[in-house]
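*Asks:* Requesting a structural model of the entry that follows:
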Amino acid sequence: MSLTAGIVGLPNVGKSTLFNAITKSQVEAANYPFATIQPNVGVVEVPDHRIDRLVELFHPKKTIYTTFEFTDIAGLVKGASKGEGLGNQFLSNIRLTDAICHVVRCFEDPNITHVESSIDPIRDIEIINLELILADLQTIENRISKVERKSKTTNDKESKMEMALLNRLKPHLESGQPARSLETTEDETLILKNYNLLSMKPVIYVANMDEEGVMDPENNAFYQAVLQYAQKENSEVVALCAKMEEELSSLDEEEKALFLEELGLPQSGLDRLIKKAYHILGLCTFLTAGEDECRAWTFKKGMKAPDCAGVIHTDFKRGFIRAEVYKFDDIDQLESEHAIKEAGKLRLEGKDYVVEDGDVMHFRFNV
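*Replies:* Next up, the predicted model:
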């Protein structure tokens with residue numbers, strides 16, 4: 001399940017520095033099967049202490065964490081929605097992503113110029129958000145011209161429902177509000193997905209601070225402004241120092257841990273960003289464990305056992321019989337699968353079982 005977040009931002013906000021940190025942290029190609037990593041794509045591991053613990057218990061020949069892609073999206077200027085600069089390329093690249101990581105400059109530095117000549121994170125956010133909304137308006141207006149006549153001349157219920165939705169969505173966008181903030185029914189949400197609207201994508205605002213500011217973001221006025229803005233639209237915020245993240249990415253794990261400990265930080269900003277991106281997309285992880293391999297697998301919250309089996313291989317889903325399941329917390333405490341069975345913690349689940357985050361699974365199938 002390949003998932004990607006696009007990194008966007010105005011010039012000189014730290015977007016490239018952050019992406020450099022991501023590419024230095026990139027997983028080896030051997031751990032990312034069936035993919036050629038493009039120059040503007042960074043593939044990073046999702047940190048997971050559960051895999052680390054399973055490795056301690058099973059001593060596998062191979063360890064694979066689940067991964068997440070970040071795409072560096074360049075070329076934004078005012079007027080991108082009208083094709084200014086590299087606007088068309090910028091917008092088409094965002095359409096291919098599942099979420100947006102919006103880097104916002106939250107530090108003063110006279111040696112680094114700002115395209116708008118001053119530091120104002122809310123203004124910067126609104127410049128990009130407006131371009132996304134304007135691009136969506138074009139999409140909606142094109143769709144209205146196709147659906148309107150059909151909804152008026154036929155008795156087609158679907159086109160009438162779609163037209164009613166479009167008539168609500170257009171003024172919503174015109175008022176400067178993103179599509180994701182429009183209240184919709186389940187059926188309307190499915191219709192919206194077909195449009196692939198830019199302002200429908202979930203957003204994480206990345207407050208890029210200097211080294212001093214990131215140590216105490218609560219007392220940084222720029223960060224607080226971004227936080228309040230994000231809370232109003234139910235988006236997430238991560239405070240980090242892109243320059244520090246780039247330095248951290250060049251260290252080995254032991255040096256990195258010591259550096260973070262000295263700073264009093266429990267984990268790097270990049271790790272927090274990866275976890276937030278995972279969270280806003282409603283993603284969970286199930287685990288497989290054994291002497292050959294310990295591995296984390298990504299699935300969407302609410303997926304049932306056969307669909308999760310299909311994440312591993314389509315044959316697993318096609319020939320699904322049952323799943324043997326136990327909780328990570330149980331193996332963490334009991335320390336062996338034998339002890340899990342002795343304690344009655346191993347369950348057999350069928351096709352209707354809704355998989356939960358942290359389930360350790362073994363699938364039985366026959367094709």
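*Asks:* Just the buried positions in stretch 45-59, please.
*Replies:* By 16 or more other Cβ atoms under 10 Å, the buried positions in stretch 45-59 come out as Glu45, Val46, Pro47, Asp48, Arg50, Ile51, Arg53, Leu54, Phe58. Every C-beta, even on glycine, is put in place using the N, C-alpha and C of the backbone.
*Asks:* nearest to Glu141, of those?
*Replies:* Checking the buried residues of stretch 45-59 against Glu141 by Cβ to Cβ gives Val46 as the nearest, at 38.8 Å.
*Asks:* quick one: contacts for the closest one?
*Replies:* Neighbouring residues of Val46 by Cβ atoms under 8 Å, 6 or more residues apart in numbering: Tyr65, Thr66, Thr67, Phe68, Ile274, Lys275, Tyr278, Thr285, Ala296, Thr298.
*Asks:* quick one, phi psi at it?
*Replies:* phi -90, psi 120 (degrees, to the nearest 10).
*Asks:* Ok, Ile100 next?
*Replies:* Dihedral pair for Ile100: phi -120, psi 130, per degrees, to the nearest 10.
*Asks:* picking up where we left off before, now for the contacts of Val46, which sits with the most neighbours around it?
*Replies:* The most crowded member of the contacts of Val46, judged by other Cβ atoms under 10 Å, is Phe68 (26 neighbours).
*Asks:* ok so, going back, and the contacts of Val46, which of them are in helices?
*Replies:* Judged by DSSP state H, the contacts of Val46 include Ile274, Lys275, Tyr278 as members of helices.
*Asks:* What is the nearest of the contacts of Val46 to Lys150?
*Replies:* Among the contacts of Val46, and counting by Cβ to Cβ, the member closest to Lys150 is Thr298, at 38.9 Å.
*Asks:* May I have the predicted confidence score for the closest one?
*Replies:* The model reports Thr298 with a pLDDT of 94.
*Asks:* so it makes contact with Thr66?
*Replies:* Yes. The pair Thr298 and Thr66 qualifies as a contact (Cβ atoms under 8 Å) at a distance of 4.7 Å.
*Asks:* what's in contact with stretch 226-245?
*Replies:* 14-15, 17-18, 21, 103-104, 106, 121-122, 125, 178, 180-181, 202-211, 213-214, 217, 220, 223, 268-270, 272-273, 276, 279-280.
*Asks:* What is the burial count for Arg180?
*Replies:* Neighbour count of Arg180, defined by other Cβ under 10 Å: 16.
*Asks:* ok, and the closest non-adjacent residue to it?
*Replies:* Met200 (5.1 Å; Cβ to Cβ, 6 or more residues apart in numbering).
*Asks:* Tell me how far the one you found lies from Ile140.
*Replies:* Met200 is 11 Å from Ile140, where distance means Cβ to Cβ, to the nearest Å.
*Asks:* Where does pLDDT dip in the stretch 101-250 of the chain?
*Replies:* Along the stretch 101-250 of the chain, the model assigns pLDDT under 70 to residues 113-117.
*Asks:* which residues in it form helices?
*Replies:* 121-153, 157-174, 186-195, 211-214, 221-232, 242-248 (DSSP state H, counting those that start in this stretch).
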